[in-house]
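Visitor: Sequence plus predicted model, see below.
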Amino acid sequence: MDFLKKAQQSVGGNASGSAQQQEAATGGQQTTQGGNAASSNLDYGDKGLDFIEKKTGHTMGRDTNEKITDGARGLYEKATGKTVDPKWSN
């Protein structure tokens, strides 16, 4: 993204405009040095499903992933009668 900022500055644009465009391109999610901020909210079930998606070459949206992991958690809780620790699936 640095090359886009440099190109825009050389054309005469300002840095705040490129920051707004970058935010719009990323969907408003801010990134941190270790990855994106949204990954810190993921439980182990979400991370596991993301890993399986990457290995199989599939991509689904975050909402779809949440529905899948919520459904799996619900089935487990219904079958065993035990609640799942929020660290594993919230």
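Guide: Nice, thanks for sending it over.

Visitor: For residue 47, give me the pLDDT.
Guide: Model confidence at residue 47, expressed as pLDDT, equals 91.

Visitor: Around it, count how many other residues there are.
Guide: Using other Cβ atoms under 10 Å, residue 47 has 13 neighbouring residues. (C-beta placed from N, C-alpha, C; glycine too.)

Visitor: what are the ranges of the strands in this structure?
Guide: 31-32, 35-36 (DSSP state E).

Visitor: Against residue 42, how distant is residue 54?
Guide: Using Cβ to Cβ, to the nearest Å, we find residue 54 at a distance of 13 Å from residue 42.

Visitor: what about the protein, any weak spots by pLDDT?
Guide: For the chain, applying pLDDT under 70 flags the ranges 1-5, 7-8, 10-40.

Visitor: Which helix in it has the most residues?
Guide: helix 62-80 (DSSP state H).

Visitor: contacts for that one?
Guide: With Cβ atoms under 8 Å, 6 or more residues apart in numbering as the test, helix 62-80 has contacts from 38, 43, 45, 46, 49, 50, 53, 60, 82, 83, 84, 89.

Visitor: Pull out the buried residues from the residues you listed.
Guide: By neighbour count, with 16 or more other Cβ atoms under 10 Å, the contacts of helix 62-80 hold 43, 45, 46, 49, 50, 84, 89 as buried.
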